[in-house]
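In: Based on what follows, work out the 3D shape:
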Amino acid sequence: MALIVIAGVLLLIIVIVAGVYNKLVSTKNRYKNAFAQIAVQLKRRYDLIPNLVETVKGYMAHERETLEAVIQARNQAVSGLQAAASDPGDSDAIQKLGTAERVLGGAMGRLLALSEAYPDLKASENMKQLTEELTSTENKVSFARQAFNDAVTIYNIYRQSFPAVILAGIFGHSQDASLLEFDTEAIAEAPKVSFS
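Out: Residues are numbered from 1 along each chain as shown. Okay, here's the model as predicted:
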């Protein structure tokens with residue numbers, strides 16, 4: 001009888017440990033997948049920026065510093081995205097991406113504000129289409145970032161809960177995942193562009 005009880009307890013421990021392991025893996029994969037969705041939208045935005053700069057360049061030739069700042073910020077953000085995409089659980093890479101996105105948002109905000117001073121540019125169909133696509137992409141980035149942050153929060157809560165907190169380090173889940181934050185006043189919401 002004692003042997004059956006011991007075997008039952010061991011089986012229960014194995015089931016609990018396996019359940020914790022599977023849940024950690026599942027929640028980690030969810031936030032990695034959510035980050036992949038952010039990466040798709042950010043890449044789309046990064047691909048739009050050179051087209052926007054080329055469109056603006058002809059009208060704003062003397063605003064070279066602003067155009068160069070946008071391209072440089074875009075390139076930094078692309079590098080940050082590549083680093084974060086290789087390991088979305090790396091809090092340093094996620095923070096660097098957030099910083100690069102804040103810089104890019106500021107540079108894009110200055111570019112769009114300057115473009116308001118050029119009536120021919122505002123009337124350009126290409127500019128209208130690009131800014132519409134950019135605004136749409138910004139909204140998609142916001143939704144994808146929210147989904148990622150939700151998935152990270154679920155992972156972190158589970159990882160910090162009992163009994164997972166005891167076993168997480170053993171299974172290679174020793175650190176919380178970081179939220180991806182872009183929020184500054186400059187880009188707290190999608191850019192509002194009006195050509196009317």
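
In: For the helix or strand bottoming out on mean pLDDT in the chain, what is the distance to the chain centroid?
Out: Least confident helix or strand of the chain, by mean pLDDT, DSSP states H and E, is helix 119-123 with a mean of 79. The chain centroid and the centroid of helix 119-123 are separated by 32 Å under CA atoms, centre = their mean, to the nearest Å.

In: And it, what's buried?
Out: Residues 121-122 are the ones in helix 119-123 that count as buried (16 or more other CB atoms under 10 Å). For every residue, glycine as well, the C-beta is placed using N, CA and C.

In: next one: stretch 53-73
Out: Residues 53, 55-56, 59-60, 63, 66-67, 69-70, 73 are the ones in stretch 53-73 that count as buried (16+ other CB under 10 Å).

In: The residues you listed in helices, which ones?
Out: 53, 55-56, 66-67, 69-70, 73 (DSSP state H).

In: Max pairwise distance over those residues: which two?
Out: Greatest spatial distance in those: T55 and A73, 17.4 Å, computed using CB to CB.

In: what would the ones in helices among the buried residues of stretch 53-73 look like in a markdown table with pLDDT and distance to G80?
Out: A markdown table is the format used below for these (pLDDT from 0 to 100; distance: CB to CB, whole Å):
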| residue | pLDDT | distance to G80 |
| --- | --- | --- |
| V53 | 88 | 19 |
| T55 | 84 | 25 |
| V56 | 86 | 23 |
| T66 | 87 | 21 |
| L67 | 88 | 20 |
| A69 | 91 | 16 |
| V70 | 93 | 15 |
| A73 | 95 | 10 |
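
In: what's the closest of these to I6?
Out: Taking CB to CB as the measure, I6 lies nearest A73 of those, at 62.9 Å.

In: Can you name the residues in contact with the least confident helix or strand of the chain?
Out: Outside helix 119-123, the residues that touch it by CB atoms under 8 Å, 6 or more residues apart in numbering are 55-56, 59-60, 115-116, 127, 195.

In: The same query, at a cut-off of 7 Å, please.
Out: Outside helix 119-123, the residues within contact range by CB atoms under 7 Å, 6 or more residues apart in numbering are 56, 59, 115-116, 127, 195.

In: same question, stretch 154-164
Out: Residues from elsewhere that reach stretch 154-164 (CB under 7 Å, 6+ apart): 16, 20, 23-24, 27-28, 31, 165, 168, 173, 176-177.

In: Mind listing what's buried along that stretch?
Out: Buried residues in stretch 154-164 (16+ other CB under 10 Å): 154-156, 158-159, 164.

In: Which single one of the contacts of stretch 154-164 is nearest to T99?
Out: Nearest to T99 among the contacts of stretch 154-164: A177, at 17.4 Å, using CB to CB.
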